[in-house]
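Undergrad: Quick one, fold the following:
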Amino acid sequence: MIAEIFYFACCTGFVLLLAVVRSCTKPKNYPPGPKWWPFVGNTYELKKLTSAKNGQYLALEELRKKYDSDVIGLKLGREYVVAVFGNDLLNETFYRDEFQGRPNNFFMRLRTMGKRIGITMTDGDSWKVHRTFAVRHLKLLGLGQRRMDELICNEYGRMVEKLVGGCVTPTPYLQSAVMNVLWELTAGERFEDPDLLLLMSKRGAAFDMAGGLLNQIPWARYVAPVATGYSLVTEINRQLYAMISNNISEHKKTLTDTPRDFMDAYLHRMNQEVNNNKSDTMFTEEQLIAVCLDLFIAGSTTTSSTLDFAILAMARWPDVQAKVRLTLDEIQPPGTYITAEQILKNRYVEAVLLETKRLNHVTPVIGPRRVLKNTNLKGFSIPKNTTILMSLYSVHLDQSTWGDPEVFRPERFIDKDGKLISAENMHFFGGGKRRCPGETLAQRFVTLMFANLLHDFVIEIDQFPDGLNSGILLSTKPYKIKMTKRKRI
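TA: Reported below is the predicted structural model:
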């Protein structure tokens, strides 16, 4: 009996030892990086460094410097993760076919109720079909055309009524404006529910809290559902899904031959698939909910945060603000709305927005991408299913490219002939097949809102916020500004 127990203990110990050794052993020719601890890899080390540097993008930059490499290899939990730096390598990963996947892990599925659906975090045939459908029909429904400009103009008018008088925090009004434009295109109506902004704010905070831990240790949701953020994320998702589902039900009751919005267009396609007896259709109500959520959430936070950074930049650099205003006055007198066609003539406004996004980009690390097959990058071996993170920060703050990357200088984007220098290599909206489908809307919304705010108001601030909110996305900490309306000439 004792011998059997001893034999069992030895076998168990040997198996555990093998598991420990295996969990710490890097694949052959894997990119340089810190050593791996048993089972957890670099999870806690990266978390500690992220906290110390106040941002994962800064933690990754620190590892880049430490190991003197533009490709850094990590292991987070059971997941191989490779961080990529510099414009050349970002271009390579954006466009090579084997880097076009998305990770298929618990946290990525959590955003869509535990299923791999929608556009943002999927790949393969379903992703291709739904991305193509979304881009085509949003364009037909007004993306980049006059209808979208009218929606933005209407939201601008509603927003400025709330900004006049005293010191205000513009962030919720910016969020509300972009969400209403997105939802008009998606579902044909504005949001009137005051609880929606709070719900969206909670969702962002919940995903920031849950992301790191649940991505690497998904079983932690059973042990501590509240502390990990799992309970909050699932409840918020439930409410959002119920809201979109109710809207779809109303659309079904009033469906016409001519689509009024994206939901109508999708429901028409669903009906066509049914009429054609297509049993293996990818167009389902469940997919419609997920796609609507992707269109709505992916664009709203990043777009409003970009405007937040632009407004703060104008308060911080009043000389730039004055120059923007002067160039706008040459187009239209104060108190009159500047249209998209008119703003295209103003290169300086675009240069200011480019510089704002360069210095404070909402997504300093783009990704994640999933490697679809064993491959190589800059001489290193990258195993299949490795997660790839791409550092935009390394491009936007590159000393050799910009000379003075920490300085806010919009003129760097204007050449000696007064023409705008191409920002294609800035990758603000990603690149390749996974380039953001909402780029046109985001660009137009930010440009029109920013130009008209600067044209109609003088922006002042008493106290700047201390630092940034650094989670999955970068955002400003709460701040208040004084908006003084200019007299109409």
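
Undergrad: Skip the chain neighbours and tell me the closest residue to residue 104.
TA: residue 116 (6.2 Å; C-beta to C-beta, 6 or more residues apart in numbering). (Each C-beta comes from the backbone N, C-alpha and C, glycine too.)

Undergrad: Do a quick rundown of the helices in the stretch 251-400 of the chain.
TA: According to DSSP state H, counting those that start in this stretch, the stretch 251-400 of the chain carries its helices in the segments 262-275, 285-316, 318-329, 340-343, 347-359, 393-396, 399-402.

Undergrad: Measure how buried the residue nearest to residue 104 is and give me the count.
TA: Counted by other C-beta atoms under 10 Å, the residues lying close to residue 116 total 16.

Undergrad: about what we covered before: now the helices of the stretch 251-400 of the chain as TSV including mean neighbour count?
TA: Shown next, in TSV, are the helices of the stretch 251-400 of the chain (neighbours: other C-beta atoms under 10 Å):
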stretch	mean neighbour count
helix 262-275	17
helix 285-316	22
helix 318-329	16
helix 340-343	15
helix 347-359	21
helix 393-396	22
helix 399-402	11
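
Undergrad: Select, out of these, the one closest to residue 436.
TA: helix 285-316 (7.6 Å; C-beta to C-beta).

Undergrad: can you give me how far the closest one is from the chain middle?
TA: Relative to its chain's centre, helix 285-316 lies at 7 Å (C-alpha atoms, centre = their mean, to the nearest Å).

Undergrad: hang on, the earlier thing: the residue nearest to residue 104 reaches residue 127, doesn't it?
TA: No. If you go by C-beta atoms under 8 Å, residue 116 and residue 127 don't touch, sitting 9.5 Å apart.

Undergrad: From residue 106, how far out is the residue nearest to residue 104?
TA: Separation of residue 116 from residue 106 (C-beta to C-beta, to the nearest Å) stands at 11 Å.

Undergrad: Contacts for stretch 51-62 next, please.
TA: Applying C-beta atoms under 8 Å, 6 or more residues apart in numbering, the contact partners of stretch 51-62 are 46, 49-50, 72, 83, 85, 364-365, 389, 391-394, 467-468, 470, 474.

Undergrad: helix or strand right after the helix or strand containing residue 126?
TA: According to DSSP states H and E, residue 126 maps onto helix 124-140. Counting by DSSP H and E, the next helix or strand C-terminal to helix 124-140 is helix 146-163.

Undergrad: so what secondary structure elements neighbour that next one?
TA: Under the contact criterion of 3 or more C-beta pairs under 8 Å, 6 or more residues apart in numbering; DSSP states H and E, helix 146-163 touches helix 171-187, helix 439-456.

Undergrad: Check the offset of the helix holding residue 126 from the chain's centre.
TA: So, by C-alpha atoms, centre = their mean, the centroid of helix 124-140 is 19 Å from its chain's centroid.

Undergrad: what do you get for stretch 376-385?
TA: 26 Å.

Undergrad: Can you show me the CA trace of it as CSV?
TA: Listed in CSV are the C-alpha atoms of stretch 376-385, where the atom choice follows Å, rounded to 0.1, in the frame of the first residue of the first chain:
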residue,chain,number,x,y,z
ASN,A,376,8.2,34.5,-39.3
LEU,A,377,8.5,38.2,-38.5
LYS,A,378,11.8,40.0,-38.6
GLY,A,379,13.6,36.6,-38.4
PHE,A,380,11.7,35.4,-35.4
SER,A,381,9.4,32.4,-35.3
ILE,A,382,5.7,33.2,-34.5
PRO,A,383,3.5,30.2,-33.7
LYS,A,384,0.0,29.8,-35.0
ASN,A,385,-2.7,31.4,-32.8
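
Undergrad: Name the residues of that stretch that are buried.
TA: Within stretch 376-385, the residues scored as buried using 16 or more other C-beta atoms under 10 Å are 377, 380-382, 385.

Undergrad: Now do the end-to-end distance for stretch 95-107.
TA: End-to-end distance of stretch 95-107: 25 Å, with C-alpha to C-alpha, to the nearest Å as the criterion.

Undergrad: What mean pLDDT does that stretch get?
TA: Averaged over stretch 95-107, pLDDT sits at 91.

Undergrad: starting at the chain centroid, how far to it?
TA: That offset, for stretch 95-107, works out to 16 Å (C-alpha atoms, centre = their mean).

Undergrad: Give me the contact list for it.
TA: 79, 93, 108, 116, 120-123, 127, 210-211, 214-215, 218, 368-373, 375, 385, 387-388, 431-434.

Undergrad: Which among those residues count as buried?
TA: Of the contacts of stretch 95-107, these count as buried by 16+ other C-beta under 10 Å: 79, 93, 108, 116, 120-123, 127, 210-211, 214-215, 218, 368-372, 375, 385, 387-388, 431-432, 434.

Undergrad: picking up where we left off before, filter the contacts of stretch 51-62 to the buried ones?
TA: Members of the contacts of stretch 51-62 classed as buried by 16+ other C-beta under 10 Å are 46, 49-50, 72, 83, 85, 364-365, 389, 391-394, 470, 474.

Undergrad: Taking these together, which two end up most distant?
TA: Using C-beta to C-beta, the buried ones among the contacts of stretch 51-62 span at most 20.4 Å, a distance reached by 72 and 474.

Undergrad: circling back to that earlier point, can you redo the helices and strands packed on helix 146-163 as TSV with distance to residue 347, mean pLDDT and mean neighbour count?
TA: Below are the helices and strands packed on helix 146-163 laid out as TSV (distance: least, C-beta to C-beta, whole Å; pLDDT from 0 to 100; neighbours: other C-beta atoms under 10 Å):
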stretch	distance to residue 347	mean pLDDT	mean neighbour count
helix 171-187	24	89	23
helix 439-456	12	92	22
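
Undergrad: right, so of the ones you listed, which gets closest to residue 158?
TA: helix 171-187 (7.4 Å).

Undergrad: Who are the packing partners of the closest one?
TA: Using 3+ C-beta pairs under 8 Å, 6+ apart: helix 171-187 touches helix 146-163, helix 195-216, helix 230-253, helix 262-275, helix 285-316, helix 439-456.

Undergrad: Any stretches of the stretch 101-250 of the chain with poor pLDDT?
TA: By pLDDT under 70, the weakly predicted segments of the stretch 101-250 of the chain are 142-144, 192-197, 201, 204-213.

Undergrad: Of the helices of the stretch 251-400 of the chain, give the one that comes closest to residue 183.
TA: Proximity to residue 183 (C-beta to C-beta) singles out helix 285-316 among these, at 6.5 Å.

Undergrad: relative to helix 262-275, how tilted is that closest one?
TA: Put simply, helix 285-316 runs at 160 degrees to helix 262-275, going by axes from the mean of the first three to the mean of the last three C-alpha atoms, to 10 degrees.

Undergrad: what about residue 316, distance to residue 470?
TA: Taking C-beta to C-beta, one finds residue 316 at 19 Å from residue 470.

Undergrad: could you dump the helices and strands packed on helix 146-163 to JSON lines with distance to residue 241?
TA: Output for the helices and strands packed on helix 146-163, formatted as JSON lines (distance: least, C-beta to C-beta, whole Å):
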{"stretch": "helix 171-187", "distance to residue 241": "14"}
{"stretch": "helix 439-456", "distance to residue 241": "23"}
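
Undergrad: closest to residue 324 out of those?
TA: Between residue 324 and those, the tightest spacing by C-beta to C-beta is seen for helix 439-456, at 5.0 Å.

Undergrad: what sits against residue 485?
TA: Neighbour list for residue 485: 164, 456-457 [criterion: C-beta under 8 Å, 6+ apart].
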